[in-house]
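> quick one: sequence and predicted model below, then my questions.
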Amino acid sequence: MNEYANTSSPVTGVRKAVVPVAGLGTRFLPATKAIPKELLPVVDRPAIQYVVEEAARAGLDDLLLITGRGKDAIEDHFDAAPYLEERLAADGKDALLAEVQHATEVAEVHAVRQGNPKGLGHAVLRAREHVGDEPFAVLLGDDLIDADEPLLERMLEVQRTRSATVVALLEVPEDRAHLYGVAAVEPTEEADVVTITGLVEKPPAGTAPSNLAVIGRYVLRPEIFDVLEQTEPGRGGEIQLTDALQTLASDASIAGPVLGVVYTGRRFDTGDKLEYLKTVVTLASERDDLGPAFNAWLAERAQQ
């Protein structure tokens, strides 16, 4: 039986997750000229698989990929591969066979094309028909969350108990705030939950309203679709999800409050080359099968 199988989130009834994967991956060219950046390996699994597994652990086993031209290989990764599986079985490579089949079984994966890439908000809007009139999660593929940290589960719990839009926030150094969407916040009675009163996408240096940056996890109410339909292109000429969330934060009568869950665990950024390399090294060094030999080599390498 699929260890991730579930009919709905154990704490909310949210069933669906949306993962936008239509980006061009220009920061990793030329490696991503023919290979989607989401399939770049993090040790021996593509980055996108970590994200899908995170959703499945939280009970979200209905997952929609928002894809684009040249991204068919992502869908193929989560599809069955009968010939490969038959060869692995015939060769007695049972452990590898189980890994290959796991990618197929972890979730029910669907896909829809974004078409003209007009920003993250536009990508989320493309999920409207699949999601329907129910809350849903959005997970960005560049952000990997420590598998031992129940961030998404906590966000789903807050969404259920408060019927709110929920955004993951992370404290960042002041000199890096301009790289993120940043939230203006007010405290609540829960230490890890804040009310978001405003959002600024990549504020100029020194103007950020706080040091709490939006990271790539959201639990959204379906009203977001109507708001996105009315959202004009913003920064970069794109429809920004941040701008739609700002509209919700400024008027709770639309869809209730916008809340932030302040995350204090480990997050890995696979969208930046240096951070990607750090992610691979960190996760490899913690593996039971690779860690001892790899860490010994790293120690030796550090002394050279």
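Thanks, I have it. None of the values given here were measured: they were computed from a predicted structure. Residues are numbered from 1 along each chain as shown.

> how far away is the nearest residue to Val109 once chain neighbours are set aside from Val52?
Closest residue in space to Val109, ignoring its immediate chain neighbours: Phe78 at 4.2 Å, by C-beta to C-beta, 6 or more residues apart in numbering. In this view, the C-beta of every residue, glycine as well, is placed from N, C-alpha and C. For Phe78, the distance to Val52 equals 7 Å [C-beta to C-beta, to the nearest Å].

> what do you get for Leu156?
Leu156 is 16 Å from Val52, by C-beta to C-beta.

> hmm, back to that, how near is the residue nearest to Val109 to Val51?
Counting by C-beta to C-beta, the gap from Phe78 to Val51 is 11 Å.

> where do the strands sit along the stretch 101-250 of the chain?
108-113, 136-139, 143-145, 165-171, 181-187, 193-201, 212-220 (DSSP state E, counting those that start in this stretch).

> can you give me the mean pLDDT across the third one?
Looking at strand 143-145 alone, the average pLDDT works out to 94.

> contacting residues around it?
Here strand 143-145 makes contact (C-beta atoms under 8 Å, 6 or more residues apart in numbering) with 42, 47, 50-51, 54, 151-152, 215-217, 263, 265-271, 279.

> buried subset of these?
42, 47, 50-51, 54, 151-152, 215-217, 263, 267-271, 279 (16 or more other C-beta atoms under 10 Å).

> so which of these belong to strands?
Using DSSP state E, 42, 215-217, 263, 267-269 are the members of these that sit in strands.

> helices along the stretch 1-150 of the chain, start to end?
Applying DSSP state H, counting those that start in this stretch to the stretch 1-150 of the chain gives helices spanning 47-57, 72-77, 82-90, 94-105, 120-125, 128-131.

> could you list the low-confidence segments of the chain?
Per-residue confidence for the chain (pLDDT under 70) gives these ranges: 1-12.

> at 80 instead, please
1-13, 117, 234-237 (pLDDT under 80).

> from what I can see the residue nearest to Val109 touches Glu105, true?
No: the pair Phe78 / Glu105 is not scored as a contact, 9.4 Å apart, by C-beta atoms under 8 Å.

> which of those two has more neighbours?
More crowded of Phe78 and Glu105, by other C-beta atoms under 10 Å: Phe78, with 21 against 17.

> so who does that one touch?
Listed by C-beta under 8 Å, 6+ apart, the contact set of Phe78 reads 52, 103-104, 106-107, 109.
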